[in-house]
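# Dropping a prediction and its sequence here:
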Amino acid sequence: MNSPASVSAAVSLKDVEVRFETTTLMFDCVIPPGQIVAVAGASGSGKSTLFNVIAGFEEPGQGAVHILGEDMAARLPAERPVSVIFQEHNLFVHLDAATNVGFGINPALRLSAVDRAKVADALKRVGLDGFGGRLAPTLSGGERQRVALARALVRHRPLLLLDEPFAALDPGMRAEMRELLRDLHDEEGNTILMITHHPDDVRLLADSVLFLDRGRIIAHDPVDRFVERRDITAINRFLGRE
Ligand SMILES: Nc1ncnc2c1ncn2[C@@H]1O[C@H](COP(=O)(O)OP(=O)(O)OP(=O)(O)O)[C@@H](O)[C@H]1O
């Protein structure tokens with residue numbers, strides 16, 4: 001695996017085509033390493049499909065997916081340098097927080113003392129010191145998302161995909177999670193793609209924005225330029241200008 005610093009693209013999608021019964025999605029983009037990228041667009045515009053293609057849950061009918069310069073064709077999701085956090089259901093409900101994080105280090109859960117210390121440290125970094133023994137269902141929505149983030153942290157994958165990770169959170173908690181994500185990104189130097197329906201997430205967290213409309217990436221801009229755009233109705237709508 002190339003190191004993130006040695007390649008010009010964290011993700012490159014070239015002529016990627018995904019055909020469903022009623023619609024065809026086409027993706028072309030090059031995402032430089034080290035950014036936080038907001039992925040936005042109306043419901044059904046293709047955000048989740050884009051993530052599924054990158055993470056390997058959806059095999060495109062055509063085109064090439066490269067991550068950090070390597071072709072991902074025929075690489076299973078677990079073999080890709082990617083961590084994914086979904087809106088919900090990231091945790092095993094019958095296991096405690098520490099065990100859920102431990103899965104990120106070793107899916108067979110054979111953890112050394114050093115590994116267990118890493119788990120405790122990751123929980124601490126997401127503000128959950130002392131929560132290791134709590135079963136997932138006893139945690140709040142925000143706490144569960146933090147555990148999922150801690151698991152992603154111990155994996156140290158260079159690419160983190162977040163599918164509306166703050167969807168279930170109240171505004172105060174969203175702000176806290178944004179700060180946490182920014183800090184962790186600064187520490188890890190990773191690339192983060194984050195699906196969001198909230199212009200605030202774009203303005204306050206993202207370096208750049210991928211905007212989708214009807215299965216196409218119709219804008220890929222630095223955030224300053226994106227929020228100044230007036231030329232595309234769907235973007236105006238997203239930014240609350242209608
Ligand atoms: N497995 C599938 N089979 C058929 N059509 C699909 C499938 N998955 C997605 N689609 C279609 O592809 C399009 C894009 O869907 P996708 O879930 O990627 O959009 P999205 O932007 O993530 O939407 P949302 O914000 O509502 O989650 C939609 O028209 C959807 O109906």
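Arrived safely, thanks for sending. Residues are numbered from 1 along each chain as shown.
# Buried residues in the helix or strand encompassing residue 117, which are they?
Per DSSP states H and E, residue 117 falls inside helix 113-125. Going by neighbour count (16 or more other C-beta atoms under 10 Å), the buried part of helix 113-125 is 115, 118-120, 122-123, 125. C-betas here are computed from N, CA, C, even on glycine.
# Please, where are all the helices along the protein?
Assigned by DSSP state H, the chain shows helices spanning 47-55, 97-102, 113-125, 141-155, 171-188, 199-205, 223-228, 233-238.
# ok, and what's touching stretch 145-153?
For stretch 145-153, the external contacting residues (C-beta atoms under 8 Å, 6 or more residues apart in numbering) are 83, 85, 90-91, 97, 100-101, 103-104, 119, 122-123, 125-128, 131, 136, 139, 160, 165-166, 168-169, 177, 180-181, 184, 188.
# how far away is residue 15 from residue 52?
Counting by C-beta to C-beta, to the nearest Å, the separation of residue 15 from residue 52 is 17 Å.
# Kindly report the residues of the protein close to the ligand.
Contact residues (C-beta under 6 Å from any ligand atom) of the chain with the ligand: 20-21, 23, 41, 43-49.
# could you point out where the chain is predicted with low confidence?
1-6 (pLDDT under 70).
# At the geometric centre of it, which residue do we find?
Centroid-nearest residue in the chain, with C-alpha atoms, centre = their mean: residue 161, separated by 1.7 Å.
# How far away from the center of its chain is stretch 118-137?
Put simply, stretch 118-137 sits 20 Å off its chain's centre (C-alpha atoms, centre = their mean, to the nearest Å).
# what's the answer for stretch 21-28, then?
21 Å.
# Against residue 118, how distant is the residue nearest to the centre of the chain?
From residue 161 to residue 118 the distance is 22 Å (C-beta to C-beta).
# just to revisit the earlier point, neighbour count: residue 15 and residue 52, which is higher?
residue 52 (19 against 11; other C-beta atoms under 10 Å).
# Wait, that one touches residue 58, no?
Yes: the criterion here is C-beta atoms under 8 Å, and residue 52 meets it with residue 58 at 3.7 Å.
# For the protein, list the residue farthest from the centre, please.
The chain, C-alpha atoms, centre = their mean, max distance from centroid: residue 113 (29.1 Å).
# how close does residue 23 get to residue 229?
Where residue 229 is concerned, residue 23 sits at a distance of 25 Å (C-beta to C-beta).
# Measure how buried residue 166 is and give me the count.
With other C-beta under 10 Å as criterion, residue 166 counts 25.
# Now for the residue lying closest to it once chain neighbours are set aside: which residues touch it?
In space, and not counting its chain neighbours, residue 166 is closest to residue 174: 4.6 Å by C-beta to C-beta, 6 or more residues apart in numbering. Residue 174 sits next to 166, 198, 200-201 when contact means C-beta under 8 Å, 6+ apart.
# what do you get for residue 161?
51, 54-55, 82-85, 192-194.
# In strands, which of these appear?
82-85, 192-194 (DSSP state E).
# Pull up the gap between residue 182 and residue 200, please.
13 Å.
# again but with residue 164, I slipped
Residue 164 is 13 Å from residue 200, by C-beta to C-beta.
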